[in-house]
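Colleague: Quick one, fold the following:
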Amino acid sequence: MKKFLVMKKVLLLLFLASMFFVGRGVGYAVRYVEAFSAKSGEAQNWGLGFGQEGTQPSGNASAEKLAEYDAYYVGSGSEKVIYLTFDCGYENGNTEPILDALKKHNAPATFFVVGHFLESAPDIVKRMVEEGHMVGNHTYHHPDMSKISDMDSFRKEIEDVESLFAEITGRELAPYYRPPQGIYSTENLKMAKELGYHTFFWSLAYVDWYQDKQPSHEEAFEKLTGRIHPGAIVLLHSTSQTNGEILDELLTKWEEMGYQFRPLSDLFEK
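Modeller: Next up is the predicted model:
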């Protein structure tokens, strides 16, 4: 009888403990949903979480959620397709080798430019267009756009790029927008959509923008081939000496892995 009572107490304690942790789990889930809802209109930094090699990473917003704002970070996981994008803050001699490699591989790309790049390298911008690439909007002054809450200021950052691009090339800028530094808010995404833009984040990038600390070729290949995946939107910086030096070989390696290159328009025209 005594043994039975001890067993009964043990079972009761286990039950109470399990209910305590279940309650905590439910409370955590509720708090998480509430926190996400509260922060949805605040500034967020685009981020990724990688899993098994060769699989698509998760973003800090889902592809389905981003699609509500005509925004994307990755394509379909069913095809070995890569979407090449380059952020262009200024010109330092590395964009033309990048264009040479793209031309050799007949690989379309999108170059997201700021006002300074348009002002200082108009001939390179013309070459981008002449060789069939798309030029997108990275804002004129490259500010933290999440701090811009009124449409007039947001529109000016966008339209000043459009105007100068049209003046240089005689063509309309592609309606593709990339938030500077990947900092965004849902209000920004709404404003971009209202202006007729598609917003593009990325599903693969690496630290290539420090001029005095460029990655070695080995480091670059390890990151860019090890983490490549179907539907990848790849972000590279045109200022990177490493990118200019390795791009031809990198494109060859990706092709040997069975990948093909397509323009960003492929994502929404489908």
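Colleague: C-alpha only now, for contacts and for neighbours.
Modeller: OK.
Colleague: Helix or strand next in line after the strand or helix carrying Met128, which one?
Modeller: Assigned by DSSP states H and E, Met128 belongs to helix 122-130. Remark: after helix 122-130, the chain's next helix or strand is strand 134-137, criterion DSSP H and E.
Colleague: Give me the mean pLDDT for that next one.
Modeller: Averaged over strand 134-137, pLDDT sits at 98.
Colleague: State the number of residues packed around Asp266.
Modeller: Asp266: 10 surrounding residues under other C-alpha atoms under 10 Å.
Colleague: State the distance from it to Trp46.
Modeller: To Trp46, Asp266 is 22 Å away according to C-alpha to C-alpha, to the nearest Å.
Colleague: those strands in the protein, which residues are they?
Modeller: For the chain, the strands defined by DSSP state E occupy 44-45, 48-49, 58-59, 71-72, 81-88, 109-113, 134-137, 176-177, 183-184, 198-200, 232-237, 260-261.
Colleague: Dump these into TSV; add distance to Ile158 as well.
Modeller: Formatted as TSV, the strands of the chain follow (distance: least, C-alpha to C-alpha, whole Å):
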stretch	distance to Ile158
strand 44-45	20
strand 48-49	26
strand 58-59	25
strand 71-72	16
strand 81-88	15
strand 109-113	11
strand 134-137	7
strand 176-177	9
strand 183-184	15
strand 198-200	12
strand 232-237	20
strand 260-261	27
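Colleague: Take those strands and lay them out in TSV including mean neighbour count and distance to Asp123.
Modeller: Formatted as TSV, those follow (neighbours: other C-alpha atoms under 10 Å; distance: least, C-alpha to C-alpha, whole Å):
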stretch	mean neighbour count	distance to Asp123
strand 44-45	14	33
strand 48-49	14	35
strand 58-59	17	36
strand 71-72	24	30
strand 81-88	24	14
strand 109-113	25	13
strand 134-137	26	13
strand 176-177	24	21
strand 183-184	20	30
strand 198-200	23	25
strand 232-237	24	18
strand 260-261	20	25
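Colleague: between those strands, which one is nearest to Asp144?
Modeller: strand 183-184 (6.5 Å; C-alpha to C-alpha).
Colleague: Quick check: which helices or strands does the closest one pack against?
Modeller: Under the contact definition 3 or more C-alpha pairs under 8 Å, 6 or more residues apart in numbering; DSSP states H and E, strand 183-184 sits against strand 44-45.
Colleague: Dump the helix holding Met128 to PDB, restricted to CA.
Modeller: The C-alpha trace of helix 122-130 is given here as PDB (Å, rounded to 0.1, in the frame of the first residue of the first chain):
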ATOM      1  CA  PRO A 122      27.400  56.300 -67.100                       C
ATOM      2  CA  ASP A 123      29.300  54.400 -69.800                       C
ATOM      3  CA  ILE A 124      29.200  51.300 -67.700                       C
ATOM      4  CA  VAL A 125      25.500  51.700 -67.100                       C
ATOM      5  CA  LYS A 126      25.000  52.000 -70.900                       C
ATOM      6  CA  ARG A 127      27.000  48.800 -71.400                       C
ATOM      7  CA  MET A 128      24.800  47.000 -68.900                       C
ATOM      8  CA  VAL A 129      21.800  47.900 -70.900                       C
ATOM      9  CA  GLU A 130      23.400  47.200 -74.300                       C
END
